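In: For reference, the sequence and a predicted model appear below.
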Amino acid sequence: MIDGPYFVLTVLGVLGTGLVAGVFCGFSTFVMRGLATLPPAQGVAAMHAINVAAVTPPFMAVFLGSAVLCAVIAVVTFVVWPDEGTVELLVGSALYLFGSFGLTMVANVPRNDALAKLEPGTSEAAAYWPAYVREWTMWNHVRTVASAGAALAYVLALT
């Protein structure tokens, strides 16, 4: 059984990755669906506002803090190499660091940046909007599963 400070790190890993999974799940299951029903100009404008609001301290503390925590858990696991939970801890860290945080940087952020360059009422924005919604949401599904998988792996490491 994992104990002491290592136990606390792992519990915090469960909480952080689980919270991020919940945010991503909300976007995949109803936010993006709702935005997709709007006329393109309104959907683009709303997504602009959401993308600005997302990079504020509350969400970034959870999102980036979880990435740091997962990296710490991975390093500590390699150094300590516990008798139990090693595989689960490393899998959880990899799922979040690559499948959630890394994927955000290579798939979702570039799409957000491209959308940010478009004015909501233009024909370019209207043409890009359906592809943006489809592709962004697809990658968000992957981030949701990876974050939830990380939380599950950390829970399994605690059992």
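Out: Thanks, I have it.
In: hey, let's count contacts and neighbours off CA atoms from now on
Out: Noted.
In: Skipping adjacent residues, who's closest to the residue positioned nearest the centre of the chain in space?
Out: For the chain, the residue nearest the mean C-alpha position is Ser100 (4.4 Å; C-alpha atoms, centre = their mean). Nearest residue to Ser100, sequence neighbours excluded (C-alpha to C-alpha, 6 or more residues apart in numbering): Arg143, at 4.5 Å.
In: chain center to the strand or helix carrying the one you found: distance?
Out: Arg143 is part of helix 123-158, with elements assigned from DSSP states H and E. From the chain centre to the centre of helix 123-158 is a distance of 7 Å (C-alpha atoms, centre = their mean, to the nearest Å).
In: helices and strands around it, which ones?
Out: helix 4-26, helix 32-37, helix 40-54, helix 86-94, helix 109-116 (3 or more C-alpha pairs under 8 Å, 6 or more residues apart in numbering; DSSP states H and E).
In: In a markdown table: the ones you listed, plus mean pLDDT and distance to Tyr132.
Out: Listed next are these as a markdown table, based on pLDDT from 0 to 100; distance: least, C-alpha to C-alpha, whole Å:
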| stretch | mean pLDDT | distance to Tyr132 |
| --- | --- | --- |
| helix 4-26 | 96 | 16 |
| helix 32-37 | 98 | 10 |
| helix 40-54 | 97 | 10 |
| helix 86-94 | 97 | 27 |
| helix 109-116 | 98 | 7 |
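In: Could you say which of those is packed most deeply?
Out: Stretch with highest mean neighbour count among the helices and strands packed on helix 123-158: helix 86-94 (a mean of 23; mean count of other C-alpha atoms under 10 Å).
In: Can you point out the buried residues in the helix holding Arg143?
Out: Neighbour-count burial for helix 123-158, counted by 16 or more other C-alpha atoms under 10 Å, picks out 125-126, 129, 132-133, 136-137, 139-155, 157-158.
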